[in-house]
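Chemist: Show me the folded form of this:
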Amino acid sequence: MEGPRACNPDEVEEVFELIHGVFFPAGDRDVRNDYPLVYDPAVLNYRRIVKQDGRVVAHVPVAPRGVVADEDRLTIGLISATLTHPDYRHRGFATLCLQDCVRIMEESEWPVSVLWTMERTFPFYQNSGWEPVASQGWVYRLGREDVDLFDQGSFQVVDSDLGDPEQLSWIIRTHDSESYRIERSVDEYKTLLSLPKTKTMFAIKKEAITAYLTFGWSSNKPGIIEAGGSQAGVAALVSHILENEIHDKTTQALVPLTDSVLGNLLEKKLPGRKHPIEEAAGVGQQMHRINSLTGLLKQIQHHFQKKALEVEGVVNLSCKESGESVSLCFEGGQFNFDTKTGADTIVLSRRELCQLIFGAHPSRQNPKIPGAPGKLLDSIFPFYFPIWEIDHC
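Modeler: Residues are numbered from 1 along each chain as shown. Got it, this is the predicted structure:
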């Protein structure tokens, strides 16, 4: 066996053949197009492989992304296409690649990892410390019969031209004004807005852009996957989609749990029709791994400071596997963080900490912590950061 190690340039095509052969044997998908940021040659060293008998038999990539959660900032590691060649399964090769990704994340100080999968594969990832978490967004299902709910008004709808720097800058300014988002460079915006089988459109009024919307037909990002700008402009774009762009008479719109123009519009027009985003086509179940308890809690102190205006008390937490311990103190409207803890420390496993901090998946239960510490923890968690659907890998 050779590895786990980084994929070399001369092994790239072999890895793509393995991925497509396992996941897309019909030849109808190309991960280079679906997830271009993960498979960017510039981050080849983050794609881990194992070789056996002179061939690549297992592969797991990890991709860093910056999270903006109001005033907090942290880097997460997104795990994508985890697989083993069918002839080499049940030998632990994919787990070795996954553990090497954990090593990279720990050494790079990325405190949290995120992946999407199916419920039947939960146990595989749980063995390495990932845990399914609470629902991470909403999906609304729309049909052509809903078109009259969205007023197109006097807006003109035009397709975007991403070669136009003013149009691109408008989208960047608009999305970067979101308080909760994934950070994107200019090149990443260009790449994501140019995904195959997607279209970005603008609502124009009096020759000025007022809103944008990105719509997809691909199997991994179908429906309305992002929008921003004025609510009236977004409504005009939704109306245009329903009237002109859906071919099977139905579509979906995906929105984060946090406040957004698209989410507010859909709830206003379609009250009672939202469902957990995990029920949407192309999404899957989200799992998190806390790579560093200390690193995570240090980087969300603005979240705790806001909570300090509402709660009082001290709670000590420790991660069973890593031995990390932290003290969270809320007193007089102020928050203090310390790695020195008292005697009454609550020791939880990495997976239990995920349930506590990010919320438990419907198939799981939050750890039951009695007394005042439990009430305090229930008041300060869960902590949420959205990964907009266009950023999903």
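
Chemist: Spatially, what comes nearest to residue 334 if we skip its sequence neighbours?
Modeler: Of all residues not flanking residue 334 in the chain, residue 308 sits nearest, at 5.6 Å (CB to CB, 6 or more residues apart in numbering). Any C-beta I mention is one placed from the backbone N, CA and C, and that applies to glycine too.

Chemist: Now do the same for the one you found: its pLDDT.
Modeler: Predicted confidence (pLDDT) at residue 308: the value is 97.

Chemist: Can you tell me how far residue 215 is from residue 48?
Modeler: As judged by CB to CB, to the nearest Å, residue 215 and residue 48 stand 34 Å apart.

Chemist: quick one: strands adjacent to the host helix or strand of residue 157?
Modeler: Here residue 157, judged by DSSP states H and E, is contained in strand 156-159. Sheet pairing for strand 156-159, assigned by DSSP bridges, gives strand 198-205 (antiparallel).

Chemist: The strand it pairs with: which residues count as buried?
Modeler: Neighbour-count burial for strand 198-205, counted by 16 or more other CB atoms under 10 Å, picks out 198, 200, 201, 202, 203, 204, 205.

Chemist: pull the CA atoms of it into CSV?
Modeler: Output of strand 198-205 as CSV, limited to C-alpha atoms (Å, rounded to 0.1, in the frame of the first residue of the first chain):
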residue,chain,number,x,y,z
THR,A,198,-26.8,27.3,-14.4
LYS,A,199,-28.0,30.8,-15.3
THR,A,200,-27.7,34.1,-13.5
MET,A,201,-30.2,36.8,-14.3
PHE,A,202,-30.7,40.4,-13.4
ALA,A,203,-33.8,42.5,-12.7
ILE,A,204,-33.3,45.9,-14.3
LYS,A,205,-35.4,49.0,-13.6
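
Chemist: and that strand, average pLDDT?
Modeler: Mean predicted confidence for strand 198-205 is 97.

Chemist: what does stretch 182-190 give?
Modeler: 97.

Chemist: Then stretch 246-264?
Modeler: For stretch 246-264, the per-residue pLDDT averages 93.

Chemist: And it, what's buried?
Modeler: The neighbour-count check on stretch 246-264 (16+ other CB under 10 Å) flags 246, 251-258, 260-263 as buried.

Chemist: In strands, which of those fall?
Modeler: 251, 252, 253, 254, 255 (DSSP state E).

Chemist: okay, how far is it across stretch 75-85, tip to tip?
Modeler: The straight-line separation of the ends of stretch 75-85 (CA to CA, to the nearest Å) is 31 Å.

Chemist: repeat for stretch 263-274
Modeler: End-to-end for stretch 263-274, by CA to CA: 10 Å.

Chemist: Could you pull out the buried residues of it?
Modeler: 263, 265, 266, 269, 270, 274.

Chemist: ok, residues contacting it?
Modeler: Residues from elsewhere that reach stretch 263-274 (CB atoms under 8 Å, 6 or more residues apart in numbering): 138-142, 146, 149-150, 231, 234-235, 238, 253, 255-256.

Chemist: Mind telling me what element residue 382 is part of?
Modeler: Using DSSP H and E, no helix or strand contains residue 382.

Chemist: Contacts only, for it.
Modeler: 134, 356, 357, 358, 359 are the contacts of residue 382 under CB under 8 Å, 6+ apart.

Chemist: still on that earlier bit, name the member of the buried residues of strand 198-205 with the shortest distance to residue 390.
Modeler: residue 198 (8.2 Å; CB to CB).

Chemist: which helices and strands sit right next to the top helix by length along the chain?
Modeler: In the chain, ranked by residue count with DSSP state H as the criterion, the top helix is helix 93-108. Applying 3 or more CB pairs under 8 Å, 6 or more residues apart in numbering; DSSP states H and E, one finds that helix 93-108 makes contact with strand 2-6, strand 47-52, strand 55-69, strand 72-79, strand 83-84, strand 112-117, helix 122-126.
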